[in-house]
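S.K.: Compute the structure for the input listed below.
(chains A, B and C)
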Amino acid sequence: MIWVNAIIQGILVGGLYALFACGLSLMFGVMKVINLAHGDLAVVAGYFALGIIAVTHTHAISSFVHVPVGVSYALVVPVFAVVGYVVQRTLLQAALNRGVLTTLLVTFGLSVVIENGLQQFFSANSHSLSIGSLVSDSFGIGSQITIAYLDVSILAVAVAVLLGLQYFLSSSKYGRLIRAVADDREAAQLAGVDYRHVFGIAAAIAFGTVALAGLAFGMYTQFNPTIGTDQLLLFAFEAVVIGGLGSLWGTLAGGILLGVAQQIGAQYNAADQVLAGQLLFLLVLVIRPQGLTSRRETA
Amino acid sequence: MSVGAGSGPLLEVRDLTVHHGQLEALHGVSLSLPAGAVHAMIGANGAGKSTLLRTIAGLHKPTSGSILLDGTDVTGLRPERRVTAGIVLVPEGRRLFPTLTVQENLLVGSDSARPGPWTIDGVYDLFGWMADRRSQRAAQLSGGEQQAVAIGRALVANPRVLLLDELSLGLAPVVVRRIYDLLPRLLGSGVTVLLVEQDVSQALHVASRIHCLLEGRTTLEGAPAELTAEQIEGAYFGLRNGGNGAPGGGSGSGSGSTPGAAAVGPTDGAGSTGAGA
Amino acid sequence: MSSIEPRQSAAGPQQPAGQPDQPAGQPDQPAGQPDQPAGQPAQPNPPVRVTRSRRSALWAGIAAIAAVIILAYLPYIVYSATTNLLVNFFMLLIMASMWNLLAGYAGLVSVGQQAFVGLGAYFVLLLAIHGANPFVAIPAATALCGIVGLPVWWLVSRLRSGYFAITMWVIASVCELIISQFSSLGGGTGMALPGLNLSPALLTADTYWATLTVTVIVLAAVYLLLRSRLGLVLTAIRDDETGARSIGARVGRTQRTVFLVAAAGCGAAGALYVISQLAVDPGSAFSVLWTAKMIFITIIGGIGTIEGPFIGTIVFFVLQQTLSQYGTWYFIILGLVAMAVAIWAPRGLWGLISDRLGIRIFPVGYWLWPATERERPARGLALLRRG
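M.R.: Numbers count the residues shown, from 1 in each chain, chains lettered A, B, ... in the order given. Okay, the predicted model is just below:
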C-alpha cells in the first residue's frame, strides 16, 4: 500500500512538474534555446505574489477594498505573461541575434542575477503561499491512502492548462504561427510572419505558465531564492527529456514519471527523492534520448 | 516583350552587391521587371541566382545597391514586410511547414495577405487534387505536391511579384511541365513572375526575358527569340566565344544599359566574363 | 611596434565565419625560413616567411617568467592575507581557463563544471582520510577527475548545446547528492580536512606555493595545447565547427580531449579549494556559483582567447574587493556586465584591447611576413585567424 500511495503522490506532483516543463519545452521548441532562468522565474512569481498580498493588505488599500487572496494571485500570471513578451523582444532577442550559445549564457546570467537579487532583498529564508484551509484538507481512499485536496486541485489545474495550451496550439491562429515558426523560421518570414512577435507570444505563454507553476509550488511547499536552480529548472528539464519534446502529453507523462520515480526513491531514503528522479533522467538519456513520445529528433 | 502597365518597371534591382561573410555572391547586378512579365534567371550552380531572389525577398542585406517595388525603395524592409508590400518568394526546396497540414500551410500564407483575387479556395481550384488532401501533413506529400502547396501558400498572399526559386529541383519533367503550364493563369490574375531555373530550355520556354548570371555578375540578358544557343552557352559557362553583334533586344524595358543591346557584360574584365557585345 | 592584423569577421564560437576556416597546416616554422605562401590563388604571391610569434611575445615571455619568480617569493615579503587572496585568484584563473578551453575553443558550453571542482575536493579529502598528505593528493585528485570525465563524456557527448549544458548541471547535482550520502565523508554538513599538521604560517605558504605551481602548470599546459596541432583543430572548431568537420578535423576526439583536460583542471582547482579552506561540504564544493564565476570571468575577459581569463579574473577581483561590503551586489553587477558583454562585445575586454593594439601576449597563431620586410607584416597578407 505504501507503494500505491507513493505512485499516487507521484502522479499528483507530476502535474505540477508538467506545468513547469511546458513553458521550458515551448521556448525550446520555438526559439531553440533552453532558458536557464526558467526555474527562477517561478520563484520570482512566488515572491511577487507575496508582495502583492502584502501591498493589498496594507491599511491604505484594505480600507478601500478587500482584495481576496485569490485575486492577488490571479494578477501574477498575466503580469508575468506581459513581462515575458517584453523580456523576449528586448533582451532575449538581442541575445538570439548573436546566436544560441550567447542566449544560453545570457539566460544563465539572468538566473544568477535573479537569485542573488532575491537573496539581497528577501534573505535566504523560505516562504510559502497561503491558501487558507485548503492546504491541510484531504480525503482518504481506503485506510492507507490520503490525498490532499490541494494536490488534486493542482493536478486538475495543470491538466486544464495543458489542455488549453494544446487547443491553442492546434486550433488558433497564433498557435499555428508558433508551430510554423518552430518548424521553419525562415519559411515563416517568407510567408509574411514577423517571427520576433511570435517568439514574444511563445515567451509570454512560457512566463505565464511558469508563474502559475510557481504559485502552485508555493502553496504546495516552501520556496527560497535558490530553489529555482536547485530543483525547479532541473525538474522541468528532466520532465521534458523523459517525456519527449514536441508533445504536451509527453511532457505530462514525463512529469508524472519523474514524480513517481521521486516518490519511490523517497520510500527508500528521504535523501534519495531528488536523486531517484535524476537517475531516471540519465537512464532515459542513455537508452532513449528522444524521450517516450517524441517523433522528432532531439538532443 | 512586355509592356509596362505603369510608368516604370514593377520591380527594379539596381547595382546590387551582396556578400556572404567575406565571399562576394553578387556584384553589381541590375534588372528591371515590368508588370505582367515573366523573367527567368539562369546560370550554373553557385552563380548567385538564389542569392538574388533571397535578397529581393529580404533574407539577405545587400552590401550596396537597391531594390525598388513600383518606384518605392524596399531595400530596408524586413522580409515579412515585403510580403505585405507584394513581394513573395517560393523558396528553393519548397520549405513547407512539415508538421502543419496543407490547409494550415495555406492559412499561414493568407494571414499576411494583401487584398486580391487569390484565396485558399482559389488555390484549391487551381490544383484540383489539393482540397481532398487538405488535412494531410505537408511532410507526407510528394515533391510535386509540395511544390504546388508552396506555390499556393505564396499565391494566397496575393503577391504583385512572385519569385520562384528552382521549381524543377527534384521533380519529374512531366510534373515540372504541369506546374509551368499554370503560369499563364497566374499572370492572368495580375501576378508578375521572376523565376530561377536550372533547366535552360524550360526557362526559354516560359520567360519573356532571360538573365544569365555567372559568379555573381550578369553575363547575358535578352528575349529568348533574340539569343542564340552559342550566346547562352557562352554566358552560362563564361567562355569567350566569337559571337558578336547580337541583334537588338527588347524595346524600352531594358535594364538601363545600352538600349537595344542584348548582351550585357560586366564593366570590366576581372575574372571570366561572358560574351561581348 | 604594433601593427594591425586585418579584422576578421569571426567574433566568437557562435559566429560562423563566412567560409570554412583554412588552418595553416604548415608545421611550426622558425623565423627566417622562406616558405610556400598561403595566399589565395587568384592573387600574386610574394615570397613570405612564417613565424610563430612576434618580438612583443618574446618580451612578454620574459616578463612572465620574471613574474612567476617574483610571485614565488611573495610569502616572504607580504602578509598571509595577500597570499590567501592570490590563492583564490589563481583558483579562479585555473577554472576560468578551463571553461574558456571548453566553451571558447571546443564549443562545449557546460553549466556543470562544478561537478569536477567538487570531485577534486572530495578526492583529496578521501585520500587524506586514508593517510595521504593532502598536498601530495593534488595530482592524484586531478588525475582521478580526468578519469571520471571519461564516463561522463560518454553520457553527454551526443547532446547538443542546450541539452549538453543543462545535463552537465544535472550530473553535478547527482554527484553532490551521492556524496552527501556518505557520512564517512562528512555527509551533508561536510567535514574538516585531516592530515595537515603544520604551523599556520607554513601552511599558508605551502598552500600558496602549491597553488602557484598548479597554476603555472595548468596555464603552461593550456598554452602548449593551443600551440599544438590539437590547438589548430580547436581554433578551427572555435571559428566554424561545421567547416572544421568538413575538412576532416577530428572534432569529436578533440572535444573529448579538451573535456578531459577541463575535468582534470577543475579537479585541480577543487583540490586547492579544500586545502585552502581546510574543510569541505557538498553544498559549497558543488555549488553552481563556481561555474557562474567561470562563465562571467571568461565572457568579460574575452572568450576564445588565452589572455581573456586573466583579464576577467582581475576584473572579478577588483569588483569583489571594492564592493564586498554590499553583500552579493558585486556578483549581481558581474552577472549584468557579463550579459551585456555577451551581447554587445562578444569578444570581451581582451577582444576590445587586442583589436586596438594588435598585440598577442600568448602567441599561438601564425604570422606571415613578406620576405622583403623585416618588421611589419603587411596588411592584407596575413590570412590566418586569430591565435
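S.K.: The host helix or strand of residue A:104 and chain C, are they touching?
M.R.: Applying DSSP states H and E as the criterion places residue A:104 in helix A:100-122. Yes - under the criterion of Cβ under 8 Å from any Cβ of the partner chain, helix A:100-122 makes contact with chain C via A:100-102, A:104-106, A:108-110, A:112-113, A:116-117, A:119-120. Bear in mind the C-beta positions are built from the backbone N, C-alpha and C, glycine included.
S.K.: list the helices and strands the helix or strand residue A:181 falls within packs on?
M.R.: Take DSSP H and E as the rule and residue A:181 turns out to sit in helix A:173-183. If contacts are counted by 3 or more Cβ pairs under 8 Å, 6 or more residues apart in numbering or on different chains; DSSP states H and E, helix A:173-183 sits against helix A:2-31, helix A:149-171, helix A:185-190, helix A:195-220, helix B:102-111.
S.K.: how far out from the middle of the chain is the first one?
M.R.: Relative to the chain's own centre, helix A:2-31 is displaced by 9 Å; criterion: Cα atoms, centre = their mean, to the nearest Å.
S.K.: List the buried residues for it?
M.R.: Of the residues in helix A:2-31, A:5-6, A:8-31 count as buried by neighbour count, 16 or more other Cβ atoms under 10 Å in any protein chain shown.
S.K.: out of these, who's near chain C?
M.R.: The residues of the buried residues of helix A:2-31 that also fall near chain C, by Cβ under 8 Å from any Cβ, are residue A:28.
S.K.: picking up where we left off before, can you lay out the helices and strands packed on helix A:173-183 as TSV showing mean pLDDT?
M.R.: Shown next, in TSV, are the helices and strands packed on helix A:173-183 (pLDDT from 0 to 100):
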stretch	mean pLDDT
helix A:2-31	91
helix A:149-171	92
helix A:185-190	95
helix A:195-220	95
helix B:102-111	95
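S.K.: quick one: which of those helices is nearest residue B:8?
M.R.: Evaluated with Cβ to Cβ, these place helix A:185-190 nearest to residue B:8, the distance being 25.7 Å.
S.K.: Buried residues in the closest one, which are they?
M.R.: Those buried within helix A:185-190 under the rule 16+ other Cβ under 10 Å are A:185, A:187, A:188, A:189, A:190.
S.K.: What distance do you get for the fourth one to chain B?
M.R.: When Cβ to the nearest Cβ, to the nearest Å is the yardstick, residue A:189 and chain B sit 4 Å from each other.
S.K.: Could you do the first one as well?
M.R.: Between residue A:185 and chain B the distance is 10 Å, computed by Cβ to the nearest Cβ.
S.K.: Contact partners for that residue?
M.R.: Taking Cβ atoms under 8 Å, 6 or more residues apart in numbering or on different chains as the contact definition, residue A:185 lies against residue A:195.
S.K.: can you pull out the strands in chain B?
M.R.: All strands of chain B, identified by DSSP state E, fall at B:11-20, B:23-33, B:38-43, B:64-69, B:72-73, B:87-90, B:161-165, B:192-196, B:209-214, B:217-222.
S.K.: would you turn the ones you listed into TSV with mean neighbour count, mean pLDDT and distance to residue B:140?
M.R.: Output for those, formatted as TSV (neighbours: other Cβ atoms under 10 Å in any protein chain shown; pLDDT from 0 to 100; distance: least, Cβ to Cβ, whole Å):
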stretch	mean neighbour count	mean pLDDT	distance to residue B:140
strand B:11-20	20	93	34
strand B:23-33	21	92	35
strand B:38-43	25	93	31
strand B:64-69	18	94	36
strand B:72-73	10	94	41
strand B:87-90	28	96	20
strand B:161-165	25	95	23
strand B:192-196	25	94	27
strand B:209-214	27	92	35
strand B:217-222	26	89	40
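S.K.: Throw those strands into JSON lines and include distance to residue C:190, thanks.
M.R.: Compiled in JSON lines, the strands of chain B are given as follows (distance: least, Cβ to Cβ, whole Å):
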{"stretch": "strand B:11-20", "distance to residue C:190": "55"}
{"stretch": "strand B:23-33", "distance to residue C:190": "57"}
{"stretch": "strand B:38-43", "distance to residue C:190": "70"}
{"stretch": "strand B:64-69", "distance to residue C:190": "64"}
{"stretch": "strand B:72-73", "distance to residue C:190": "68"}
{"stretch": "strand B:87-90", "distance to residue C:190": "62"}
{"stretch": "strand B:161-165", "distance to residue C:190": "64"}
{"stretch": "strand B:192-196", "distance to residue C:190": "68"}
{"stretch": "strand B:209-214", "distance to residue C:190": "70"}
{"stretch": "strand B:217-222", "distance to residue C:190": "71"}
